[in-house]
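A.B. asks: coords below, sequence missing:
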């Protein structure tokens with residue numbers, strides 16, 4: 001077996017699940033671990049995830065959730081709108097995870113600001129969301145790297161002729177014919193965001209990209225599994241029906257609060 005490079009998908013504040021996943025992977029002292037961004041939001045322990053990754057030898061990218069946090073904490077004129085957008089997208093859970101400190105520590109915020117938007121590993125290119133296939137690298141911005149979906153997923157030929165692009169950002173089971181926990185492969189890209197936070201999935205994925213082995217933990221049950229990549233990957237087909245699916249946890253939370261209110265009344 002080759003020495004491993006491990007790529008981990010969107011953690012979204014699921015610190016306990018991340019610890020179980022890393023225990024299953026058991027990275028060696030000289031093995032590299034990379035995170036694709038979206039360390040924070042939605043899950044209950046974003047501050048613990050940040051503390052762990054920040055104090056480790058592992059590397060992480062910025063995702064769109066880190067971008068939303070940065071914008072909410074900036075001095076921009078539309079700060080109120082940025083706060084509302086971040087809180088609606090799970091920022092409230094991140095702030096709550098820092099409740100013991102009262103505010104998010106300055107050092108954590110600056111560390112998040114310092115994270116790169118992509119990493120070039122030679123044969124592998126890591127980015128949170130993708131790239132605009134119509135633009136050269138020097139013209140791409142954080143918007144493409146952290147937010148793009150449809151324009152990138154549907155490309156007919158690889159953006160890089162000699163690099164595999166590994167991404168997160170878009171929940172894999174939102175693509176056609178893909179089940180929760182499965183990965184998606186397109187033209188020159190591989191998506192490993194199996195959605196740890198979503199109740200329909202709960203799977204957090206780590207990929208040994210050098211030996212084509214997938215490690216997963218279900219954050220709801222702590223079930224772990226280790227499988228060959230080819231047994232879990234599906235080909236890209238059509239656009240994802242993402243908006244409705246991403247709203248499901250919010251709707252479930254709203255219904256739960258309404259039930260509690262009726263019960264307390």
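C.D. replies: Arrived safely, thanks for sending. As the structure is a prediction and not an experimental result, all values here were calculated from the model.
A.B. asks: strands along the stretch 101-250 of the chain, start to end?
C.D. replies: Taking DSSP state E, counting those that start in this stretch as the criterion, the stretch 101-250 of the chain carries its strands at 118-120, 124-127, 164-167, 183-185, 189-191, 203-208, 213-218, 224-228, 233-235.
A.B. asks: name the residues that touch the second one?
C.D. replies: For strand 124-127, contacts defined as C-beta atoms under 8 Å, 6 or more residues apart in numbering pick out 5, 7, 34, 36, 61, 117-120, 145, 160, 163-167, 209. Quick note: C-beta positions are derived from backbone N, CA and C, even for glycine.
A.B. asks: where does this structure have low pLDDT?
C.D. replies: 77, 101, 238-265 (pLDDT under 70).
A.B. asks: hmm, 50 instead?
C.D. replies: For the chain, residues meeting the criterion pLDDT under 50 lie at 254-265.
A.B. asks: quick one on the thing from earlier: give the PyMOL command for selecting the buried subset of the contacts of strand 124-127.
C.D. replies: Buried members of these, defined by 16 or more other C-beta atoms under 10 Å, are picked up in PyMOL with:
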select buried, resi 5+7+34+36+61+117+118+119+145+163+164+165+166+167+209
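A.B. asks: give the contact list for the residue lying closest to residue 215 once chain neighbours are set aside.
C.D. replies: Counting by C-beta to C-beta, 6 or more residues apart in numbering, residue 206 is the residue found nearest to residue 215 once chain neighbours are left out, at 4.3 Å. For residue 206, the contacting residues are 6-9, 21-22, 25, 214-216, by C-beta under 8 Å, 6+ apart.
A.B. asks: and the residues you listed, which two are furthest apart?
C.D. replies: Farthest pair in these (C-beta to C-beta) is 22 and 214. Separation: 14.5 Å.
A.B. asks: who's more crowded, these two?
C.D. replies: residue 214 (23 against 19; other C-beta atoms under 10 Å).
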